[in-house]
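S.K.: Any chance you could fold what I've pasted below:
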Amino acid sequence: MPGDLRDTDFLFPMHYDNRYEPGTNTFESRPLNLDQILHGISRSERGCPLTEDEMTQLKAYLNAKNLLNRNPGEQVIQDTTRKFFKMQQSARKVAAKYALRS
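M.R.: Okay, the predicted model is just below:
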């Protein structure tokens, strides 16, 4: 056996944490903010942040898909948000063509 079981340094090598150099935290310690993530996706896809009405519509769409209870950093939420923006853009194009036709 490499060590004595009565020796606390052997049993609990990380017990005396003050002997080890404290490292930097590589992970975000604050909770993820859904609004900031959605605004960021909007800026990357559309080039502008969401208005309050668009944010309400997007949250209602995500809620209908049962995605508001999940982690906002998940890929599913990002893909669904991008899909929502593409649907909005295509709906605007259809409405503009219809308005020109009438």
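
S.K.: Lowest-scoring secondary structure element of this structure by mean pLDDT?
M.R.: Every helix and strand in the chain was compared by mean pLDDT, DSSP states H and E; the lowest is helix 8-11, with a mean of 63.

S.K.: buried ones in stretch 82-89?
M.R.: Residues of stretch 82-89 classed as buried by neighbour count (16 or more other CB atoms under 10 Å): Phe84, Phe85. The C-beta positions use only the backbone N, C-alpha and C, and glycine is treated the same way.

S.K.: Just the CA atoms of that stretch, as PDB, please.
M.R.: Extracted in PDB, the C-alpha atoms of stretch 82-89 (Å, rounded to 0.1, in the frame of the first residue of the first chain):
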ATOM      1  CA  ARG A  82     -32.900  31.200 -36.400                       C
ATOM      2  CA  LYS A  83     -35.800  29.300 -37.900                       C
ATOM      3  CA  PHE A  84     -38.200  31.900 -36.400                       C
ATOM      4  CA  PHE A  85     -36.200  34.700 -38.000                       C
ATOM      5  CA  LYS A  86     -36.200  33.000 -41.400                       C
ATOM      6  CA  MET A  87     -40.000  32.500 -41.200                       C
ATOM      7  CA  GLN A  88     -40.500  36.200 -40.300                       C
ATOM      8  CA  GLN A  89     -38.300  37.200 -43.200                       C
END
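
S.K.: which outside residues touch it?
M.R.: Outside stretch 82-89, the residues within contact range by CB atoms under 8 Å, 6 or more residues apart in numbering are Ile41, Ser42, Glu45, Arg46, Leu58, Tyr61, Leu62.
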